[in-house]
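# Give me the fold of what follows.
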Amino acid sequence: MAQISLRVDDDVKRGAEQTFDDIGLSMSTAINIFLKKVARERRIPFELSADPFYSESNVRYLEKKMEDYKAGRLNLIEHGLIEE
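Below you'll find the predicted structure:
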């Protein structure tokens, strides 16, 4: 049987251990379940995504707005603070 050694943030490890304990699994069993699912399905078994703010299309949009601003083609409106 193979052994895997990895580094993980202390808080992440504690949180995962608590969750696995609540479910009744050891860390080793939970990781084995994850790896078996990856091997069987040949994919990460959950969606991975990045913050959409940094998406290629949004970065292009923001760059275009900056060009418009620098060229004087963009009108900015100041908004005051709303007091309650």
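
# Let me know the distance separating residue 52 from residue 64.
Per C-beta to C-beta, to the nearest Å, residue 52 is found 17 Å from residue 64. All C-beta spots, glycine's among them, are computed from the backbone N, C-alpha and C.

# Neighbour count for those two, which is higher?
Between residue 52 and residue 64, counting by other C-beta atoms under 10 Å, residue 64 is the more crowded of the two (11 against 8).

# in what helix or strand does that one lie?
Using DSSP states H and E, residue 64 falls within helix 56-70.

# Quick one: find the helix or strand in the chain with the lowest mean pLDDT.
Between all helices and strands in the chain, the lowest mean by mean pLDDT, DSSP states H and E belongs to helix 56-70, at a mean of 92.

# From the contact counts, what lies against it?
With contacts defined as 3 or more C-beta pairs under 8 Å, 6 or more residues apart in numbering; DSSP states H and E, helix 56-70 has no helix or strand neighbours.

# So what touches it?
Outside of helix 56-70, the residues within contact range by C-beta atoms under 8 Å, 6 or more residues apart in numbering are 52, 74, 76.

# Please export the C-alpha coordinates of it as PDB.
Once non-C-alpha atoms are left out, helix 56-70 reads as follows in PDB (Å, rounded to 0.1, in the frame of the first residue of the first chain):
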ATOM      1  CA  GLU A  56     -10.600  36.900 -18.900                       C
ATOM      2  CA  SER A  57     -13.800  38.600 -20.100                       C
ATOM      3  CA  ASN A  58     -14.100  40.800 -17.100                       C
ATOM      4  CA  VAL A  59     -10.500  41.800 -17.200                       C
ATOM      5  CA  ARG A  60     -11.000  42.800 -20.900                       C
ATOM      6  CA  TYR A  61     -14.100  44.800 -19.900                       C
ATOM      7  CA  LEU A  62     -12.200  46.700 -17.100                       C
ATOM      8  CA  GLU A  63      -9.300  47.400 -19.400                       C
ATOM      9  CA  LYS A  64     -11.700  48.800 -22.000                       C
ATOM     10  CA  LYS A  65     -13.300  51.000 -19.400                       C
ATOM     11  CA  MET A  66      -9.900  52.300 -18.300                       C
ATOM     12  CA  GLU A  67      -9.000  53.100 -21.900                       C
ATOM     13  CA  ASP A  68     -12.300  55.000 -22.200                       C
ATOM     14  CA  TYR A  69     -11.700  56.800 -19.000                       C
ATOM     15  CA  LYS A  70      -8.200  57.900 -20.000                       C
END
